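Novice: coordinates only, sequence not included:
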Ligand code: URA
């Protein structure tokens, strides 16, 4: 994936995202749309996985059939909103290994504070995809990627639903080797670190909390 930032502008993605942004969309609707969009985004973020071939026998003859090379992918969810993206992607890549990183954003400093981490083994041999719907300040995302790298991961991609320019810039400065895939790049952050126009708090929208 050569570009640092890929914006997935497929009509289905953009249409579903607009419904998710609408404040009138219910929790159930938001969750369903997030699962559907995550399948489409997963398709994009895995587009350039290394390939090999596997000798198989069809009912007609033998052939060298394309197959994804290497160890199972690692999907790393940043809690809690990351889990909304994770569920859909796991339908597409059921054999993936899954890790979780718990970070909360200090409301005063907007800096990430880690409270949980459980990661798959042999990260150095896997492609890792970090999932978090909202790339806002980029502080949590950059911290999660730093932790992954400290744990051995070398080939990392970042998948989100919405990105703010500030978050993209922060990630590019901290981790220029990590490509980002998103459904949209919004205008800016507000004073509370929310993406504008955004969709509000992704975790609250998907879990029905306030
Ligand atoms: N996290 C969210 O859930 N929403 C934002 O707008 C920014 C960060």
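Specialist: Yep, it's here. Because the structure is a prediction, the values reported are computed rather than measured.
Novice: Contact residues of the protein facing the ligand?
Specialist: Counting by CB under 6 Å from any ligand atom, the chain comes close to the ligand at 81, 134, 136, 193-195, 198, 201-203. C-beta coordinates here come from the backbone N, C-alpha and C atoms, glycine included.
Novice: And the residues you listed, which of them are buried?
Specialist: 81, 134, 136, 193-195, 198, 202-203 (16 or more other CB atoms under 10 Å).
Novice: Give the residue spans of this protein that score low on pLDDT.
Specialist: Low-confidence segments of the chain (pLDDT under 70): 1-3.
Novice: Name the strands paired with the host helix or strand of residue 65 and say parallel or antiparallel.
Specialist: Using DSSP states H and E, residue 65 falls within strand 62-68. Under the criterion DSSP bridges, strand 62-68 sits next to strand 51-57 (antiparallel) in its sheet.
Novice: which other residues reach the strand it pairs with?
Specialist: By CB atoms under 8 Å, 6 or more residues apart in numbering, the residues outside strand 51-57 that reach it are 62-69.
Novice: next one: stretch 174-186
Specialist: Counting by CB under 8 Å, 6+ apart, residues outside stretch 174-186 touching it are 1, 3-8, 13-14, 17, 37, 41, 44-45, 130, 135, 138, 142, 145-146, 149, 156-165, 168, 171, 195-198.
Novice: Tell me which of those residues fall in helices.
Specialist: 13-14, 17, 37, 41, 44-45, 142, 145-146, 149, 165, 168, 171 (DSSP state H).
Novice: tell me the contacts of residue 201?
Specialist: Counting by CB under 8 Å, 6+ apart, residue 201 touches residue 194.
Novice: And for residue 117, nearest residue in space, chain neighbours not counted?
Specialist: residue 101 (5.2 Å; CB to CB, 6 or more residues apart in numbering).
Novice: three-state assignment of the one you found?
Specialist: strand (DSSP: H, G, I helix; E, B strand; the rest coil).
Novice: count of neighbours near it?
Specialist: Residue 101 has 26 neighbours, counted by other CB atoms under 10 Å.
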